[in-house]
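1. sequence below, structure please.
(one chain, ligands or ions: 1)
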Amino acid sequence: MSSLLEAYAAVAGEDIIRHLRQLSAPLQGRSVVHVNSTRLGGGVAEILHKLVPLSRELGIDTHWEVISGDADFYECTKQMHNALQGSRIQIPDRLLQHYEEVNAQNAARLRPLLEDADFVVIHDPQPAALLRHCPNRGGQWVWRCHIDASRPQRHVWRFLERHVRAFDASIFSLPQFTRALPHPEYIIAPSIDPLSDKNIDLPQEEIDAIYHRFELDPESPIIAQISRYDRFKDPVGVVEAFRMARRFVPRLQLVLAGGTATDDPEGDAVLAEVREASDNDPHIRILTLPPDAHRGINALQRAAHIVLQKSTREGFGLTVTEAMWKGKPVIGGDTGGIRLQVSNYHTGFLVNTPEGAALRIRYLLQAPEKIQHMGDNARELVRENFLLTRQLRDYLTLMVGLHHRAADRIDLV
Ligand code: UDP
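-> Residues are numbered from 1 along each chain as shown. Predicted coordinates for the structure are as follows:
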């Protein structure tokens, strides 16, 4: 077995790797081109960095192309991204026209590869207009939407829809993120990479160093929420829950960690609210982390006994997946993708109020064996459903389905 697949087999299990081989058999020698707009930064690029070499090892001729644009193009696609997620933005026609031009320029460069490919996967809105400029395409094109486009600004969606309706299929991350389109739509949930710095197993010394670095008592329980300082993540609600729980668990400690909020004025305001709510409580650590603090986040999640993600609104909630992969029960807000991951008494608890969260913190801390048991369930649930290998399996299944065109039943040997 080749090395990358072997490495994933060790953490994700042999079964999924066998399944990947089975699914890739009918796709041997087929070509796939993924196209997005950046090679660095963001979840899409992070996943493609691993997905592409894994697909190659499976015998699929996989390529990853990145479109290039100027400042106006990125201004336009940023506004598009925000408008598709519901922000009230009117994108000037001049910018939309520029979006078309930049796609046309990129198509001129990529056309031979794209028109020859058996499958083209276009990630997000930025390269969605490439299809129009590949009139002699031989393969099937899939639009992969990673964002919640369920409540977009109408004019922006109308503009984008003209492009995406011409695709053969589209993929959304959750059923509630979809839009009505005149082709088959598939749901493929996000995933985490178990071999990334954020999720890889850490030596115990690295976890122990966290206690020292953030002046935490390793002998006393720690609860943590690691998430952007954003009102929808309800960090103030977490402080309230902590205070209530602490009346019953006197040595309890709370860690709240989020990014350095300098580029996000609202983040600064929320951070200030959290500081005020915590009122210099010596048992609360409010941390701001640099964007590349992957191993630090990993260690914090591992140092915690229970992880909270008390969001009142959430997309998928990768922080929940990350914590569960580390064998932690999660007390999460009863919303969005958290519901897919957290189930009461099995992998954690769903809550709607600080009082509810406090009750569950108290319950778990009085029954350490439950923490262990639910944490084990949580890790298994992620292993089965939310690792990168499962996402690759879903992509391959979709390609096999498209490859067989109208067949409603696919036999794999
Ligand atoms: N994250 C991070 N630094 C922080 C807070 C969060 O790198 O200070 C990471 C976190 O580990 C996760 C991602 O950012 O991988 C957040 O994804 P999620 O789906 O939980 O929420 P979003 O921020 O996209 O709403």
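
2. wait, what's in contact with A257?
-> By CB atoms under 8 Å, 6 or more residues apart in numbering, the contact list for A257 reads 224-227, 285, 287-289, 297, 300. Where C-beta positions appear, they are placed from N, C-alpha and C, glycine not excepted.

3. these in helices, which ones?
-> 297, 300 (DSSP state H).

4. in the longest helix anywhere in the chain, what's buried?
-> Counting residues, the longest helix found in the chain (DSSP H) is helix 93-116. Neighbour-count burial for helix 93-116, counted by 16 or more other CB atoms under 10 Å, picks out 96, 98-99, 102-103, 105-107, 110-111, 114-115.

5. ok so, going back, which one (most neighbours) among the contacts of A257?
-> Using other CB atoms under 10 Å as the neighbour test, those are led by Q225, with 30 neighbours.

6. that residue against K310, yeah?
-> Yes - taking contacts as CB atoms under 8 Å, Q225 lies within contact range of K310: 6.6 Å.

7. tell me, what's touching the two both at once?
-> The contact sets of Q225 and K310 overlap at 233, 235, 238 (CB under 8 Å, 6+ apart).

8. about what we covered before: what helices or strands is the next helix or strand along the chain from the longest helix of the chain leaning on?
-> Using DSSP states H and E, the next helix or strand after helix 93-116 towards the C-terminus is strand 119-123. Applying 3 or more CB pairs under 8 Å, 6 or more residues apart in numbering; DSSP states H and E, one finds that strand 119-123 contacts strand 31-36, strand 140-144, helix 388-403.

9. of all those, which one is nearest H212?
-> With CB to CB as the measure, helix 388-403 is the member of the helices and strands packed on strand 119-123 nearest H212 (32.3 Å).

10. that closest one packs against which elements?
-> Using 3+ CB pairs under 8 Å, 6+ apart: helix 388-403 touches helix 3-12, helix 14-24, helix 43-57, strand 119-123, strand 140-144, strand 169-172.

11. ok, now with 6 Å
-> When contacts are defined as 3 or more CB pairs under 6 Å, 6 or more residues apart in numbering; DSSP states H and E, helix 388-403 packs onto helix 14-24, helix 43-57.

12. which element follows the longest one toward the C-terminus?
-> Put plainly, it is helix 43-57. As assigned by DSSP H and E, the chain's next helix or strand after helix 43-57 is strand 61-66.

13. mind listing what's buried in the helix or strand F349 falls within?
-> Assessed by DSSP H and E, F349 sits inside strand 348-351. For strand 348-351, burial by neighbour count (16+ other CB under 10 Å) applies to 348-351.

14. list, one by one, the residues from the stretch 151-300 of the chain near the ligand.
-> Residues of the stretch 151-300 of the chain found near the ligand (CB under 6 Å from any ligand atom) are 198, 226-228, 257-259, 289, 297.

15. go again using 5 Å as the cut-off
-> 228, 258-259, 289 (CB under 5 Å from any ligand atom).

16. possible to save the residues you listed as CSV with pLDDT and distance to V142?
-> Shown next, in CSV, are these (pLDDT from 0 to 100; distance: CB to CB, whole Å):
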residue, pLDDT, distance to V142
R228, 91, 30
G258, 93, 34
G259, 83, 32
L289, 92, 35
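
17. most neighbours out of those residues, which is it?
-> G258 (22 neighbours).

18. hang on, that residue is in a helix, isn't it?
-> No - read with DSSP: H, G, I helix; E, B strand; the rest coil, G258 is strand and lies in no helix.

19. without its sequence neighbours, what residue ends up closest to it?
-> Counting by CB to CB, 6 or more residues apart in numbering, G258 lies nearest to Y229, which is 4.4 Å off, once chain neighbours are set aside.

20. same question for H283.
-> Closest to H283 by CB to CB, 6+ apart is Q253, at 5.1 Å.

21. same question for H63.
-> Of all residues not flanking H63 in the chain, V33 sits nearest, at 4.6 Å (CB to CB, 6+ apart).

22. mind telling me which residue of the stretch 51-200 of the chain is nearest the ligand?
-> K198 (5.9 Å; CB to the nearest ligand atom).

23. tell me the secondary structure at that residue.
-> K198 ends up coil, using three-state DSSP.

24. for H183, same thing?
-> Under three-state DSSP, H183 comes out as coil.

25. where are the low-confidence patches of the protein?
-> 1-2, 260-264, 406-413 (pLDDT under 70).

26. now with 50, please.
-> 261 (pLDDT under 50).

27. neighbours around H212, how many?
-> Quick note: H212 (other CB under 10 Å) scores 9 neighbours.

28. which secondary structure element is home to it?
-> Using DSSP H and E, H212 sits in helix 204-213.

29. now that helix: buried residues?
-> Quick answer for helix 204-213 (16+ other CB under 10 Å): 207, 210-211.

30. one more: stretch 190-198?
-> 190-196, 198.

31. could you work out the end-to-end span of it for me?
-> Length of stretch 190-198, first residue to last, CA to CA, to the nearest Å: 15 Å.

32. now swap in stretch 251-268 and tell me
-> By CA to CA, one end of stretch 251-268 lies 29 Å from the other end.

33. excluding sequence neighbours, find me the nearest residue to H133.
-> Nearest to H133 is A107, by CB to CB, 6+ apart, at 3.3 Å.

34. touching, that neighbour and L130? I think so.
-> Yes - the criterion here is CB atoms under 6 Å, and A107 meets it with L130 at 5.0 Å.

35. in the stretch 201-350 of the chain, which spans are strands?
-> Assigned by DSSP state E, counting those that start in this stretch, the strands in the stretch 201-350 of the chain fall at 222-226, 253-259, 284-289, 306-309, 330-333, 348-351.

36. state the distance from A12 to the ligand.
-> Relative to the ligand, A12 is positioned 18 Å away (CB to the nearest ligand atom, to the nearest Å).
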